[in-house]
Every structure is written in C-alpha cells, then in structure tokens.
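**Student:** below: sequence and its predicted model.
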Amino acid sequence: MKQYIKTYFQKLLLLATVLVLCGLTAVIWTLDATDACVCRARPVKLQPLEPGPAACCALPGQTGTSPGPRRRRKSAHGNAVMAAAGLSDINTAVALMEPLQDEMKDDLAAVASLSLGDLDLTSDQFILDEVDIHIQANLEDELVKEALRTGVDLRQYSKQVESELQQIEQASIRDYIKESQNIASLHNQITACDSILERMEGMLSGFQCDLSSISSEIQSLQEQSVAMNVRLRNRQSVRSELSQLVDELLVPNTMISVILDSAVTEQQFVEQLHELNNKINYAKEQSFTDTLACTDTQDTLSRLRTKAVSKIREFILQKIYSFRKPMTNYQIPQNTLLKYRFFYQFLLANERQVAKEVRDEYVDTMSKIYYSYFKSYSGRLMKVQYEEVADKDDLMGVEDTAKKGFFSKPSLKSRNTIFTVGQRGAVLSPSELEGPILVPHTAQRSEARYPYETLFRSQHWALLDNGCREFLFLCDFFMVTGSPALDLFNSIMGKTLSMFLKQISGYVCGCYDSIAVFLCIHIILRFRAITGKRSVPALDRYWEAVLELLWPRFELILEMNIQSIRNTDPQRLGLLDTRPRYVSNDHTLTHRH
C-alpha cells in the first residue's frame, strides 16, 4: 500500500509539472493547435485512487484545444501539490490530494466530452515521446526552475500578473488622457491635411481636365499645322513655277540696250546673247502649252532676235571676206571665229537661212583660197626639181648607145644614181618627214635642186597640216561630226585634192624612177598613220587614191626593168669589171625594201 501511494504521488507530481508547462506555453499551443498531433510515448498506467475508480488524465494540448484560465488554476494547484512532494508523511500527502482528485474528476468529465475518435488513452500502445521531449525542454527553462525551487503559488502569481496588467492599463490610460490635447491637435492636423489633400485632389482633377482640353487643342493645332504646311508647299511649288516663268519671259532693259548698242565682240553682248537664246527657247516651249504670257513678250523677243542675227551675220561675213586679202594668214581669222563659235550656234537655232548663207560663203571662200594656194605652191615647187629625170631608156638592160644618132645629144646623166638610193632615203626619217616645207623662192635664189620625192613630201605635208586644221575647225565651229563633217570638208578641199591627184597621175604616167615612186609610197603610208593619230579621217580617201596611182606604176617599172634584162645581149654590154654595178645595187635596194 505504501509503495502504491508513493507511485501514485510520483505520477501526480509528473502531472502537475505538465500542467505548469502547459500554462506557460498556452499561447504557443494555441497557435500550433492545428499542427499538434499525438505522438508515441512510453506507456503509462494510471492506478485508481482509494475513494473512487481511477481515471486517466488527459494532457492539455493533445486534442488540439488550448487550456483556459481554469486549467491554469489547476496547474497552479498542481504546483502546490508538487511543493508537498517533499513531505515525509504519507497521510498528509493523501489529505492534500483529496481536493486534487475532485478537480481531476472535473478534468476527466471535460476530457470525456472531447471527441477523440478512436484514440484510446488507456491503452498501453499510446506513447507520448514528443510530450516527454517537451517536458524535458521546459524543465530546462530558468523561470520553471525558479518556480519549482521556490514553490511559487501559481494562482497568486496569476493574480499578481493580472494586477500588473491592470496597473499598466491604468498607466496607459493616464498617459493617453495626459496626451489627449496633443492627440486632439494631431487629429485636427490630420483633418486639416485631409481637407488640403481633398482640395489638391480637386485641383489635380481640374488640371487633368485642362490637360485633356489642351491635348485636344494641341491635336487641333497639329492638324492646322499640317494643313498650313501643305498649303505652304503648294504655294512654294506654284511660286517656283511662276518665278521661273516670269524670269524666263521677262526681257530686262539691260538686254535690250546691250543687243542693240554693243559690239558683238564685247563680253556683255555674248552673255546677253546667251540669255536671249534661253528666253527664245523657253518661249517656244511654253507656246506649245498655250501660255498667254508668251504673247506679251513674243514681239520683243522677235525684234531682239532679228537685230542679233543681223549683227552676227555682218561680223562673220566680214571675217570670212578677210580671208580673201592677199598674203593673209587665214588661221588668225579662224581663231577669232572659234572664240565666238556661239554666234553660228545662235544662227543655226534661230535663223537657218542665214546660217546656211554663212556656211556656204565660208565653203566657197576657203575652197578658192586652198585651191589657189596649193596650185601656186605646186607650180613653184616643181621648178626646183632635178631637170634630168629617168625616161624609158633608163632601164637596166638598155645599152647606153641605144639612142645615139646624128642629132642626139650626149647624155649627162649618171645612170648609177637612177638605181642607187644614196641620200634619197633620208626623206623618210622623222626629222625630215615632219620637217618644215620647202619655200620655192628661197630654193630658187640658192639654185638648189631636189628629187621628186622631196618635193612630194613637202607638198603633202602642207596638205596634211592644213587639212587637219581645217577639219577640226569645221567640226568645232559648224558643230558637225561623222559624215556631215566629211562632206563639208570635201566641199572645201575637194577641188584641191582633185588637182593633186591630177598632178600625180601626170607625173606617174611618164615616170621611170622606181626609187622615187617607192619613196612616195612610203611617204603616203607615214602620213596616213599621222592623220590616224590626230583622229582626222578626212584625208583617208585621198591617201587611198594616191596609193592606187603609185603602186601600179611601181610594179610596172619593175616589170619593165626585168623585161629589159631578159632582152639584153650580154655580148653587147662591153667589158665587165669587178666593181659593183648598178644592177647589183638595184638588187640590193629591192631586197632591202
């Protein structure tokens, strides 16, 4: 019996400890009530007490409910029981436990009302390992240790805590009353701030409405700006067209005075002539579109054009007539005409009849000048040719005594020079080929004589130089190219070229000097290459015509010499010597060329 009471007392002490811990952690358990669970623990057998049947004590927190104030009072009472644990008298302990048993009955009734489901707290299988762990942890708390050591009455302690809370509450109320004026002032300030913010809200709402109206106004202004920009561009385009029309059709007084009074050689006249030409062309373009403004200036432009054409015609014809003066260097007037080449362009664009008159007058004048000049030059040039020329008896196979008779004159010719090149080949050298032409009267005063190929070179070099210059002038001044340029050149130089061909043909028909013909062929070939470098095709047909005259004659002379050798009797040639003869020299020349 004593052992049983001791065991029961120990269990009650354990229960009181649990109740104390539950009271301290009531708040924590309330927050974690939904997460609480029944954990396995060491099985505990609760023995019934003497007065009545024994009951199992349910620990607070295992059903997920938090202990109330009543439970805290039970825990305080259990703490008193735990303080009585040190008593040595068992009967005194039993007497102290009697009120605890009554309270335990109430606890059991409360436990019985809980819905625990199938949980059996009386079973040996129920273990509370986690509860044991929490008990051990709470026993380590300093406050719990202090309470257990000093034997604090939990009810008294609870009342003390409640008293302190009431004191704190009263102090807080007194502080609140003490600061009531400040709080009222703060309230007033908050109210004022609220009214100010309300007014600011109204102002901002007004601003928002104003911004909306401003946005619509800005959009309207933008649309107006776009429309004004379109109108501005249209007006600018119209202004540019109208300004160009007015500028092109307006005839200033300066133009009228310069065209009427100034000389054609002045720079102002040339500039105003360009402006007049532009205005005339523009008026012609606008006349096709039925522009009424053209009729206002058409009469003035027509009169200025007539006056300008008259002055230009007179100036050009005067320059052309100056070519006809004796001993005139016609290149100087040509250079003057090139300086005012726009004059002919103006005539060609505005008065074609006058332009044709000017061109025909120039062609007629220059054709006569070139024909007269080259005819005179060729005639005087032939006077300085060697008097002794080869004839049909100066062949390789013809004897020297073939033409001897009673009335025959002794031959002064050296037949070796007929078949020997000697210094005659120097005419093909660059310095000699493109050298100055011969001056006939100078040669006559010095009584100098030249072979035909030298005269031929001088004559055709003059033709080449003048022909190239004339062709370039025609292309530049009369603005012609291609076939029209060749036709215009032939109309000027055609008569002169025909005269040259006639002279060459007359010479070739009676020529037996194969070296002279051969050198003339090479001269023509070199001159044709020079005109090709100068890009002057005007003389190409003439070169071909000359070659067509020279090549057949050269071949004929060679055939005649070959035939004379075939018909020669070697016995009649006389004694032979070992010195080189003209036959071998001619063979060397033929082989070399």
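**Tutor:** Thanks, I have the structure now.

**Student:** all contacts plus neighbour counts: C-alpha atoms, from now on.
**Tutor:** OK.

**Student:** mind checking pLDDT for D107?
**Tutor:** Per-residue pLDDT puts D107 at 48.

**Student:** low-confidence bits of the stretch 51-200 of the chain, can you list those?
**Tutor:** 51-132, 134 (pLDDT under 70).

**Student:** again with the chain
**Tutor:** For the chain, residues meeting the criterion pLDDT under 70 lie at 1-132, 134, 388-389, 391, 393-394, 396-419, 569-593.

**Student:** which helix runs longest in it?
**Tutor:** Longest among the helix segments of the chain by residue count, using DSSP state H, is helix 180-249.

**Student:** how about the helix or strand just after that one: buried residues?
**Tutor:** Downstream of helix 180-249, the first helix or strand assigned by DSSP states H and E is helix 253-261. Neighbour counts using 16 or more other Cα atoms under 10 Å place 255-256, 258-259 of helix 253-261 among the buried residues.

**Student:** what's the following helix or strand after helix 253-261?
**Tutor:** As assigned by DSSP H and E, the chain's next helix or strand after helix 253-261 is helix 267-287.

**Student:** what sits up against that following helix?
**Tutor:** The contact list for helix 267-287 (Cα atoms under 8 Å, 6 or more residues apart in numbering) reads 248-249, 255, 258-259, 262-264, 294, 298, 301, 304-305, 308, 346.

**Student:** 7 Å - rerun?
**Tutor:** For helix 267-287, the external contacting residues (Cα atoms under 7 Å, 6 or more residues apart in numbering) are 248-249, 255, 258-259, 262-264, 294, 301, 346.

**Student:** about what we covered before: which one of the buried residues of helix 253-261 is nearest to L547?
**Tutor:** If you rank these by distance to L547 using Cα to Cα, I259 comes first, at 53.6 Å.

**Student:** which stretches of the stretch 351-500 of the chain form helices?
**Tutor:** 352-381, 415-418, 430-433, 440-445, 452-477, 483-509 (DSSP state H, counting those that start in this stretch).

**Student:** can you check what angle separates the longest helix of the chain from helix 267-287?
**Tutor:** Inter-element angle recorded for helix 180-249 and helix 267-287: 100 degrees (by axes from the mean of the first three to the mean of the last three Cα atoms, to 10 degrees).

**Student:** list the helices and strands helix 180-249 packs on?
**Tutor:** If you count contacts as 3 or more Cα pairs under 7 Å, 6 or more residues apart in numbering; DSSP states H and E, helix 180-249 packs onto helix 267-287.

**Student:** helices or strands next to the very next helix or strand once past the helix it packs on in the packing?
**Tutor:** In the C-terminal direction, the helix or strand that comes right after helix 267-287 (DSSP H and E) is helix 293-321. Packing partners of helix 293-321 (3+ Cα pairs under 7 Å, 6+ apart): helix 253-261, helix 267-287.

**Student:** now the last one and helix 293-321, what's the angle there?
**Tutor:** It refers to helix 267-287. 140 degrees.

**Student:** mind listing what's buried in helix 267-287?
**Tutor:** 268-270, 272-273, 276-277, 279-280, 283, 286.

**Student:** okay, now L488: neighbour count?
**Tutor:** L488 sits with 21 neighbouring residues when counted by other Cα atoms under 10 Å.

**Student:** contacting residues for it?
**Tutor:** No contacts exist for L488 under Cα under 7 Å, 6+ apart.

**Student:** of the helices of the stretch 351-500 of the chain, which stretch is the most buried?
**Tutor:** Counting by mean count of other Cα atoms under 10 Å, helix 452-477 has the highest mean neighbour count of those, with a mean of 19.

**Student:** re earlier: export the buried residues of helix 253-261 as CSV, with columns for distance to V427.
**Tutor:** Putting these into CSV (distance: Cα to Cα, whole Å) gives the following:
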residue, distance to V427
M255, 59
I256, 61
V258, 57
I259, 56
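
**Student:** from those, pick the one nearest K319.
**Tutor:** For these, the nearest to K319 is I259 (20.0 Å; Cα to Cα).

**Student:** pretty sure that closest one sits against A308.
**Tutor:** Yes - applying Cα atoms under 7 Å as the test, I259 and A308 come out as touching, 6.4 Å apart.

**Student:** dump the helices and strands packed on helix 293-321 to CSV, plus distance to F323.
**Tutor:** Converted to CSV, these look like this (distance: least, Cα to Cα, whole Å):
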stretch, distance to F323
helix 253-261, 27
helix 267-287, 24
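
**Student:** much appreciated, bye for now.
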